[in-house]
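S.K.: 3D, please:
(2 chains)
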Amino acid sequence: AQKITQTQPGMFVQEKEAVTLDCTYDTSDQSYGLFWYKQPSSGEMIFLIYQGSYDEQNATEGRYSLNFQKARKSANLVISASQLGDSAMYFCAMREGNSGGSNYKLTFGKGTLLTVNP
Amino acid sequence: KAGVTQTPRYLIKTRGQQVTLSCSPISGHRSVSWYQQTPGQGLQFLFEYFSETQRNKGNFPGRFSGRQFSNSRSEMNVSTLELGDSALYLCASSSTGFPGNTIYFGEGSWLTVV
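M.R.: This next block holds a predicted model:
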């Protein structure tokens, strides 16, 4: 079974509108972390936002927020006020295991290609 | 502060050759991990090093190896290259403490095997 599922291969949004990219995860660990990355065509993987499994509040970083619903095992990324430069591939990833421990392996979803239209 | 630096950015190799890729982590980060990204398999974990020790290894053949130096810089090596090794190889560095759980990636090394 896939550990990270991104069901939207592609998404379109109008400039200045908000968009939600879906991510569901599967783990039996109590301690885990969820990440979102942006990958433009250049290949660089740009860190956007992080949510720990014990964090009670949803993470926010500027125009990015993570809608964390633990019971549903979902960690959707919300981008507000989309910009043309937001067009890229977006990956959801999970790190399982102790946050202070030794497991820094990430498991990635297949990604969502976001296109922002002017 | 400087980000994760990977060299070279682009390279072309012939089947059967070997290749070495380099990664310099963010200053102060002691964990370095490597990932392979291909259109067919997506992003796959190769291995992770901390203080010169390999702590995690993905499901890749022994042709893929790595090491980490005392200054936390890391190298990965692929021997006897195959066409299927053509990929973007990404290096990531991590801080080690909690809540330092952000994991930052470099720009990647694009490897083409012909």
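S.K.: what's near enough to touch residue B:89?
M.R.: Contact partners of residue B:89, counting by C-beta atoms under 8 Å, 6 or more residues apart in numbering or on different chains, are B:6, B:21, B:34, B:35, B:36, B:37, B:46, B:76, B:108, B:109, B:111. C-beta: built from backbone N, CA, C; applies to glycine.
S.K.: Now, those residues that are in strands?
M.R.: By the criterion of DSSP state E, membership of the contacts of residue B:89 in strands covers B:6, B:21, B:34, B:35, B:36, B:37, B:46, B:76, B:109, B:111.
S.K.: And the contacts of residue B:89, which is closest to residue A:19?
M.R.: Relative to residue A:19, the closest of the contacts of residue B:89 is residue B:37; by C-beta to C-beta it sits at 23.5 Å.
S.K.: would you list the ones in strands among the contacts of residue B:89 in TSV and tack on distance to residue A:106 and pLDDT?
M.R.: Shown next, in TSV, are these (distance: C-beta to C-beta, whole Å; pLDDT from 0 to 100):
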residue	distance to residue A:106	pLDDT
B:6	17	97
B:21	18	98
B:34	11	97
B:35	8	97
B:36	13	98
B:37	12	98
B:46	11	96
B:76	16	98
B:109	18	97
B:111	20	98
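S.K.: Same list, these, but only the ones touching chain A.
M.R.: Among the ones in strands among the contacts of residue B:89, proximity to chain A is found for residue B:35 (C-beta under 8 Å from any C-beta of the partner chain).
S.K.: tell me which of the ones in strands among the contacts of residue B:89 is nearest to residue A:112?
M.R.: residue B:37 (15.3 Å).
S.K.: Skipping adjacent residues, who's closest to that closest one in space?
M.R.: Once flanking residues are discounted, residue B:37 sits nearest to residue B:88: 4.4 Å by C-beta to C-beta, 6 or more residues apart in numbering or on different chains.
S.K.: what bridges to the spatially most central residue of chain A?
M.R.: Centroid-nearest residue in chain A, with C-alpha atoms, centre = their mean: residue A:36, separated by 3.2 Å. Note on residue A:36: beta-bridge partners by DSSP bridges are residue A:49, residue A:92.
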